[in-house]
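A.B. asks: What shape does this take:
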Amino acid sequence: MDLLSMEFITALFAIVFIDLVLAGDNAIVIGMAARNLPQDKQKFVIICGTLGAIGIRAAATMVALSLLKIPGLLLVGGLLLVWIAYKLMVEEKKHDVKAASDVWGAIRTIIIADAAMGLDNVIAIAGVAHGSMLLVILGLLISVPIIIWGSTLFIRLINRFPVIIYLGSGILAWTAASMITDERLLSTYFEQMPPLKWTVIAVVTIGVLAAGWMKNKQKQQQSETEEQERKHPVKS
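C.D. replies: Okay, here's the model as predicted:
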């Protein structure tokens, strides 16, 4: 891809946005791991832990870029990313990160926790990058400072404007559908019928968003019902 092309710029924006949406929990992980340390050491832990986690994530993404070139794995990655896009909308995040008592213990905790949570990020970025490691590196260079210093603000924005999550899920679903249609085992059929390719991408994207919205609506109605029952218990 040409560096100044719209395709490159769009992919770079998507990578940065995905990094922010999927890595927003890093702020919580970092805070929980470093909370028992003296304040003057917390900044060092945050920077080292995040950079270490990002380094591992970049290496994992390089491996994923290579693996996705194997016939069939782009389809598998796309299907897995469909599920990740849905989970992003409906899953309630739980964090069970123990606070470390020393600097290196905190850094180790941050890196291990991020690596465990980062599979979705790796698959998504590898799918968007279309084999370009330059895109991955540029995306990380842009998003890392934001993750380190601004992720708590981004979490507050997500909580205030839930539509950000739906936008992130939509981008993931679109990426997943593109991975599926670009799979070498299937791409011949889609290249012969371009309308079919765009139909599949649209159906997958809209389907994921609709499924997530309905699930959240169901959970909200169930929560409201339980709240009403708690306030007005039925007398036997």
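
A.B. asks: okay, CA-based contacts and neighbour counts for the rest of this
C.D. replies: Fine.

A.B. asks: Poorly predicted segments of the protein, please.
C.D. replies: For the chain, the stretches flagged by pLDDT under 70 are 1-4, 23-36, 92-101, 110, 113-118, 144-155, 234-236.

A.B. asks: Please enumerate the helices of it.
C.D. replies: 6-23, 26-34, 39-67, 73-90, 103-117, 119-129, 133-160, 163-182, 184-192, 194-231 (DSSP state H).

A.B. asks: Next, the buried residues of the fourth one.
C.D. replies: For helix 73-90, a neighbour-count test (16 or more other C-alpha atoms under 10 Å) marks 73-75, 77-79, 81-82, 84-86, 88-90 as buried.

A.B. asks: next one: stretch 209-222
C.D. replies: With burial defined by 16+ other C-alpha under 10 Å, the residues of stretch 209-222 counted as buried are 209, 212-213, 215.

A.B. asks: shouldn't Ser169 be in contact with Leu81?
C.D. replies: No. Between Ser169 and Leu81 there is no contact, the gap being 9.7 Å when judged by C-alpha atoms under 8 Å.

A.B. asks: which residues touch stretch 176-183?
C.D. replies: Stretch 176-183 is contacted from outside by 71-82, 124, 127, 186-187, 190, 197, 200-201, 204-205, using C-alpha atoms under 8 Å, 6 or more residues apart in numbering.

A.B. asks: quick check, nearest of the buried residues of stretch 209-222 to Gln42?
C.D. replies: Nearest to Gln42 among the buried residues of stretch 209-222: Gly212, at 37.1 Å, using C-alpha to C-alpha.

A.B. asks: And the closest one, how far from Thr205?
C.D. replies: Distance, Gly212 to Thr205, using C-alpha to C-alpha, to the nearest Å: 11 Å.

A.B. asks: do you know how far Met179 is from Leu119?
C.D. replies: According to C-alpha to C-alpha, Met179 and Leu119 sit 16 Å apart.

A.B. asks: These two: who's more crowded?
C.D. replies: In terms of neighbours (other C-alpha atoms under 10 Å), Met179 is the more surrounded of Met179 and Leu119; the figures are 27 against 15.

A.B. asks: From Gly52, how far out is that one?
C.D. replies: Using C-alpha to C-alpha, Met179 is found at 29 Å from Gly52.

A.B. asks: How about Leu172?
C.D. replies: Counting by C-alpha to C-alpha - Leu172 and Gly52 are separated by 25 Å.

A.B. asks: between the two, which one's more packed in?
C.D. replies: Neighbours were counted for Leu172 and for Gly52 using other C-alpha under 10 Å; Leu172 has more, 32 against 19.

A.B. asks: Skipping its backbone neighbours, what lies nearest that one in space?
C.D. replies: Closest residue to Leu172 in three dimensions, ignoring its sequence neighbours and counting by C-alpha to C-alpha, 6 or more residues apart in numbering: Ala85, at 5.4 Å.
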